[in-house]
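1. Got a sequence here, can you model it:
(2 chains)
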Amino acid sequence: MLRYIIRRVVNSLPVLVIVSALAFIGQQLVPGDPILAALGQGEVAALEALGPEAIEAKRRELGLDRPLPVQYVSYVGRLLQGDLGKSFRTRENVKDMIAQRLPVSMKLNVITFTSNVLIGLLLGVIAALRPGVPDFLATTWAVMGVATPNFWVAILLILVFAVWLGWLPTSGWVDPFDDPVRSIRFLILPVLANGFFGSATIMRQTRSAMLEVLRQDYITTARSKGLREQQVVIRHAMKNAMLPVWTVIGLSIAGLIGGSVLIERVFAIPGVGRMAIEATNSRDFPVIQAVVMISTAAIVAANLITDIVYGYLDPRIRYD
Amino acid sequence: MAAGEQGLIIPTAGRRRAGLLGVVVRFVSDPKAAVATALLGFFIVVAIFAPVIAPYGEDQHDKTASLVQPSRQHFLGTDRLGRDIFSRIIYGARVSVRIGLISVGVAAAVGIPIGLVSGYAGGWIDETIMRFVDAWIAFPNLIFLLFVIAILGPGVTNVMVAIGLNSFPIYSRLIRASTLSLREREYVMAARSTGASSGRILQRHILPNAVQPIIVQASLALGSAVLAESGLSFLGIGIKPPTATWGVIIADGFALIRVNPWISIAPGVAIVLFVLSVNLMGDRLRDVMDPRLRGAR
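-> Numbers count the residues shown, from 1 in each chain, chains lettered A, B, ... in the order given. Modelled structure (predicted):
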């Protein structure tokens, strides 16, 4: 198992190297003098007042006169030390900005992910065991989930549960660790909206995997031994049906991270996504670059964990 | 099929036509696909004839009719500037369909040559290109779009390029998979033995036979492109007001949700119907074109 894990970790590294290269190249493609992005308008204006030599000296000091491959290596070095640069707009350290907002996005995404998995698995099993109306509703939901934008689902939920019924707040954020009970009221709508698609895909995959497994001879044998239906479903069927479901669960994480950008905007949640939107609007490239690196690293890590769990669930994979 | 030189089977034009007709007949024989096709056709007609169909202009202000509730004059009401929402949704179809189609074209134009070269060259070239494609796929979709828009700036053309660049890897992967198998076929080897250049082999012999999964993917990608565009426009990053896109109209209406919820609801319904119709068509196309799936449910 250890060799398998090491192999998977090594395989993930090139992806991060290439993504960091793309993020670096992206910075070079932004119109304007790179020194402007590094120092900000105010500082460059002050240097300009001193003459072109001052700007050139600063350019040399920052290493912006060096060949691009050398600059890239130094960029990666800074990344590895946790130096994400300074915001072009606010001149704040990007690392501090991320540190302030990342916990919010992570909490929101972890809660959404957990609820997606629970709802998706539960409804998938119900749909497989009870053909007819539940199965029809679940399949329709899955088809609709793929075609419906999550931010529009969010608006519909706000309209019904906040504006018309007045049961839940329209927007805002309360940290689950500060006030767990109150935070639930603020979390229900964002979690449902961002989970609309993810839980549907997990449910659809669970349903089809369960239907496949429930047809197998060993399930008939388990039933004929007189095992309770609950035991047959949980211990015998679900264990084997989880393999393909786990793949879908892993894949849903990328959609979750992307989708949370829109959800944070709709519900005014102060996370990384909202910061990314503001940064894009003001073309604050160091912030965008950091968001790209962090979200991609999160997806690579999620894929890695998915692969490792997959290897644990199906020992054959480890020896491929 | 006709027997050609060296015992090769060469499809004739007549047979190809019959095959195409068969695909069309099988395609529309499914009621869901027929409804989806009709719906997509409706959206395309609305997009083309928007200036004729819409009762008001795309950005026609009427200060005397600000925030009018749905009525006979204004089927879905008006916004703060007195613009007719129904007309703006009709014009929105124009922008959304155009962006969807062109961004799918951009993705195919970038992805297909990369996949062809990767699959045909094999070895380290294939390995390098595929690692690059894997890394590209690792970007979360919306974050990638923000990244490209931050570089290029907002606007219709840049949104099309961003969405196209975001989705090209799937085309590369599909065409590479087909190319890997096709390059070993007898007719490709025969072409190679006659001294045909790699470019000619790829263009004349491999691409036409590898294009089938691409057609299915392109139809499914159209829906994703419209969803991506609406998301960007909703965030105020993609296409800026006053251009009417479905995402922009939803964002305008969000601030007025207590006054007239239809401003946000109606364009969302249009997005769902459009994406649903292209997804159902794509699914049916895949069933019809892939003999292994024929008859399967």
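2. Give me the contacts around stretch B:167-176.
-> Surrounding stretch B:167-176, the residues in contact under the criterion CB atoms under 8 Å, 6 or more residues apart in numbering or on different chains are B:103-104, B:106-108, B:110-112, B:114-116, B:118-119, B:126, B:129-130, B:133, B:136-137, B:207, B:210, B:213-214, B:217, B:221, B:224-225. For every residue, glycine as well, the C-beta is placed using N, CA and C.
3. got the phi/psi numbers for B:Thr78?
-> With angles defined as degrees, to the nearest 10, B:Thr78 sits at phi -130, psi 170.
4. re earlier: please check the contacts of stretch B:167-176 and keep the buried ones.
-> B:103-104, B:106-108, B:110-112, B:114-116, B:118-119, B:126, B:129-130, B:133, B:136-137, B:207, B:210, B:213-214, B:217, B:221, B:224-225 (16 or more other CB atoms under 10 Å in any protein chain shown).
5. So what's the residue count around A:Arg60?
-> 11 (other CB atoms under 10 Å in any protein chain shown).
6. That one: which element?
-> When elements are assigned from DSSP states H and E, A:Arg60 belongs to helix A:52-62.
7. avg pLDDT for that helix?
-> In this model, helix A:52-62 has a mean pLDDT of 79.
8. now for it, which elements pack on it?
-> For helix A:52-62, the packing partners by 3 or more CB pairs under 8 Å, 6 or more residues apart in numbering or on different chains; DSSP states H and E come out as helix A:34-39, helix A:41-50.
9. what about the stretch 151-297 of chain B, any weak spots by pLDDT?
-> The model of the stretch 151-297 of chain B has pLDDT under 70 over residues B:290-297.
10. where do the helices sit along chain B?
-> Remark: helices assigned in chain B by DSSP state H are B:13-28, B:31-48, B:50-53, B:85-121, B:123-138, B:141-152, B:156-182, B:186-193, B:198-200, B:207-210, B:212-234, B:246-254, B:262-289.
11. Enumerate the residues of chain B near chain A.
-> Counting by CB under 8 Å from any CB of the partner chain, the residues of chain B lying close to chain A are B:131-132, B:134-136, B:138-144, B:146-151, B:153, B:223, B:227, B:230-231, B:234-237, B:250, B:254, B:257-258, B:261, B:264-265, B:268, B:271-272, B:275-276, B:279.
12. sorry, back to before: how about the helix holding A:Arg60: buried residues?
-> Within helix A:52-62, the residues that qualify as buried are A:55, A:58-59, counting by 16+ other CB under 10 Å.
13. again, but for stretch B:147-167
-> Using 16+ other CB under 10 Å, the residues of stretch B:147-167 that count as buried are B:147-152, B:154, B:156, B:158-167.
14. tell me how far the ends of that stretch are from each other?
-> With CA to CA, to the nearest Å as the measure, the ends of stretch B:147-167 fall 14 Å from one another.
15. Tell me what angle the helix holding A:Arg60 forms with helix A:41-50.
-> Direction vectors for helix A:52-62 and helix A:41-50, defined by axes from the mean of the first three to the mean of the last three CA atoms, to 10 degrees, enclose an angle of 130 degrees.
16. coming back round to it: I'd like the helices and strands packed on helix A:52-62 laid out as a markdown table, including distance to B:Asp62 and mean neighbour count.
-> Listed next are the helices and strands packed on helix A:52-62 as a markdown table, based on distance: least, CB to CB, whole Å; neighbours: other CB atoms under 10 Å in any protein chain shown:
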| stretch | distance to B:Asp62 | mean neighbour count |
| --- | --- | --- |
| helix A:34-39 | 44 | 18 |
| helix A:41-50 | 41 | 12 |
